[in-house]
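In: Have a look at this prediction, sequence included:
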Amino acid sequence: MEHLPTDIVDAIKDQDRLNTLSQTIMRAAETDEDFVAIVEAAALRFSCPAALILIADYDENWVQAVHGMAPEVVPTRSGLFVYPLVLKTDPALILNDPAEQSHLTPSVPSFEGKPVRFFAGAPIKVHGVNAGSLCVIDSKNHHDISSEDAAALRRLANLAGSLYELKDAARGKVSADLALSRAQKRHSMALRAGNIAAWSWDRKSNTVECDNVLREMLGLPVGEVLTWRRVLRAIAPETRIPLLRRFRAALERGEEYQCEFKAANTGKWLLSLGGAYESVLSPEESGSVFGVVVDISVTKESEQKTRLLLRELNHRVKNTLAIVQSIAGQTLRRSRTSAEFNMAFSGRLQALSAAHTLLSDEQWGAIALDRLMRSQIAPYIDSGSRQVDIHGSAVYLDPDEALALGLVIHELASNAAKFGALSTRVGVVDITVACSTDGNGTPHLELDWVEVGGPPVMPPEQRGFGSVLIERSLDKIIGSNVDVDFADTGLRVHIRMPLRFC
């Protein structure tokens, strides 16, 4: 490059030209027959033994195609091949005996061991810049070259430039297609992961295109051509009219719409979002409408469950407040001092609280009876104590049964700790649980509370609220029977109550 004129060096180092080379022209290891055909046509036009296409890069020249010599022996360092880069008005650079011109002598290439005596070259323009040149060479002069020959060489050079642009566009299309395919795969995976269906409505043909996810949501057969009316019939009637109103209003205003609806065939709750994006409001009303549908059945079920739980909670709170009010009144009337009231009332509230905690842990479903009894008895025995023995059948209680029975167990445990078997270290409470069925097939709980080893038992002269609660509260709430026997050996209580679970 040190032998080249300044204008040629500047042309080679032009940044726009170099950027075009890096972005457009790929240096392939294999021979490209399309370019080989061009250099062969150039050699034939000039009746020359050799022709080539040379690309001038920043620090080196490289051969795209060659005719008449092996690619590895092409003198790419010879500067004469880049001279056509600066041509402006002339179609081609035509030289005979270029070595006789002193400013060209260092740049003249050799062919078949001798300096080239004939040279013709035209610039190859790619995206508006001269990327390289199409050259023909010979070891003898050609004085019969006409302007038509020069124009023909320029046309072949232009053809090479167009070929570069075409190949670049083809590579760009392949890259774009690959990127589009990857984007579509990512989009499809995202839709499947989110359980989202996509659809479009062609207003000209009145047909709806959708994926199989939407067909599954609506209970429509795969492969069937869907019309707009067919899709509407798949929507539950009670949600169809509100959806249509919102849909039409959004189209009239040119806005996106959002509406929930229920599928008639599958019962699924779906959320539809979409809008018109291609001149839907034109007089022909020919634009397409696009949208997505999201399965929100789980959300709807959760909302419904939350509403049911809130109603259930409201019911439970009212019942609990009524129970607390009754306990407070009865305890107050039968307490001789405020301290006695505080102790009895606090204990009963703690019993309610323990039952509520268990029910909350089970989301107000069925709870095991043995868990309920252990939670109510635990405050009155030492950790690891064997004074209480619970055995028998596994029984589960619903919330109403658990709250009522929990209070009874609390009163029994409290009385046992004060006056009965749990008031001494040698006393034992034996609890037997059984599940029986009456003549109507209704399951019943049979629970026996038997105390032994405690102080002698004496029937109370005056029945307290605890005794009343033990004997009557279950009967008033769920129609149970409670038998209390103040036996000499210890208190015996038999509870019989109907069950939902057994």
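Out: Now that the structure is in, tell me what you want to look at.
In: would you list every one of the helices in the protein?
Out: Ranges of helices in the chain, per DSSP state H, are 6-13, 15-24, 33-46, 147-193, 212-218, 228-233, 237-253, 297-333, 338-361, 369-377, 399-418, 465-468, 474-478.
In: Counting neighbours, which bits of the fifth one end up buried?
Out: This points to helix 212-218. Along helix 212-218, these residues count as buried under the neighbour rule (16 or more other CB atoms under 10 Å): 213-218. The way it works is simple: take the backbone N, C-alpha and C, and place the C-beta from them, glycine included.
In: Output the contacting helices and strands for it.
Out: Packing contacts for helix 212-218, counted by 3 or more CB pairs under 8 Å, 6 or more residues apart in numbering; DSSP states H and E, involve strand 196-202, strand 288-295.
In: who touches that helix?
Out: For helix 212-218, contacts defined as CB atoms under 8 Å, 6 or more residues apart in numbering pick out 191-192, 195-199, 220-222, 231, 234-235, 263, 265-266, 268, 270, 293, 295.
In: Repeat the analysis, applying 6 Å as the threshold.
Out: The contact list for helix 212-218, computed with CB atoms under 6 Å, 6 or more residues apart in numbering, reads 197, 199, 222, 234, 263, 268, 270, 293, 295.
In: Distance-wise, check the last one relative to Leu273.
Out: As judged by CB to CB, to the nearest Å, Asp295 and Leu273 stand 13 Å apart.
In: the more surrounded of those two?
Out: The neighbour comparison of Asp295 against Leu273 (other CB atoms under 10 Å) goes to Asp295, with 21 against 14.
In: ok, for that one, nearest residue in space, not its chain neighbours?
Out: Leaving aside its sequence neighbours, Asp295 sits nearest to Asn195 (CB to CB, 6 or more residues apart in numbering; 4.7 Å).
In: Could you check how many residues crowd around that neighbour?
Out: 15.
In: And for Ile94?
Out: Ile94 is flanked by 20 other residues according to other CB under 10 Å.
In: Pull up the gap between it and Arg154, please.
Out: Ile94 is 11 Å from Arg154, by CB to CB.
In: on that earlier part again, nearest to Thr432, out of the contacts of helix 212-218: which one, please.
Out: The nearest member of these to Thr432, counting by CB to CB, is Lys268 at 49.6 Å.
In: Help me confirm that that closest one comes into contact with Thr299.
Out: No. The criterion here is CB atoms under 6 Å, and Lys268 misses it with Thr299 at 11.3 Å.
In: okay, these two: which has more neighbours?
Out: Comparing Lys268 with Thr299 by other CB under 10 Å, the one with more neighbours is Lys268, at 20 against 13.
In: start to end distance for stretch 103-120?
Out: End-to-end span of stretch 103-120 (CA to CA, to the nearest Å): 17 Å.
In: What residues of that stretch count as buried?
Out: Buried residues in stretch 103-120, counting neighbours by 16+ other CB under 10 Å, are found at 104, 107-109, 111, 116-120.
In: Make TSV from those and add pLDDT and distance to Ser338 to it.
Out: Below are the buried residues of stretch 103-120 laid out as TSV (pLDDT from 0 to 100; distance: CB to CB, whole Å):
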residue	pLDDT	distance to Ser338
Leu104	91	123
Ser107	91	119
Val108	92	124
Pro109	92	120
Phe111	91	124
Val116	94	125
Arg117	95	130
Phe118	96	128
Phe119	96	123
Ala120	96	123
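In: Out of those, which is nearest to Asp138?
Out: So of the buried residues of stretch 103-120, ranked by how close each gets to Asp138 (CB to CB), first place is Phe118, at 4.2 Å.
In: Could you count how many residues lie near the closest residue in space to the closest one that isn't next to it in sequence?
Out: In space, and not counting its chain neighbours, Phe118 is closest to Asp138: 4.2 Å by CB to CB, 6+ apart. Neighbourhood size, Asp138 [other CB under 10 Å]: 22.
In: what do you get for Ser436?
Out: Ser436: 13 neighbours (other CB under 10 Å).
In: tell me the contacts of it?
Out: Per CB under 6 Å, 6+ apart, neighbours of Ser436: 444, 446.
In: And for Phe290?
Out: Neighbours of Phe290 in contact, by CB under 6 Å, 6+ apart: 200, 274.
In: Would you quantify the distance from it to Gly275?
Out: 7 Å.
In: Then Asp10?
Out: Distance from Asp10 to Gly275, by CB to CB: 55 Å.
In: Look at these two and report which has more neighbours.
Out: Neighbours per residue, other CB under 10 Å: of Asp10 and Gly275, the larger number sits with Gly275, 17 against 11.
In: ok, for that one, nearest residue in space, not its chain neighbours?
Out: Glu256 (3.7 Å).
In: next one: Thr357
Out: Ser375 (7.6 Å).
In: Just give the number of residues close to the one you found.
Out: Around Ser375 there are 19 residues (other CB under 10 Å).
In: Tell me which helix or strand in this structure has the weakest average pLDDT.
Out: Least confident helix or strand, the chain: helix 465-468 with a mean of 51, by mean pLDDT, DSSP states H and E.
In: Return the distance of Met497 relative to Ala402.
Out: Counting by CB to CB, the gap from Met497 to Ala402 is 11 Å.
In: do Tyr396 as well
Out: 9 Å.
In: More neighbours: these two, which one.
Out: The neighbour count for Tyr396 versus Ala402, taken as other CB under 10 Å, is higher for Ala402 (23 against 20).
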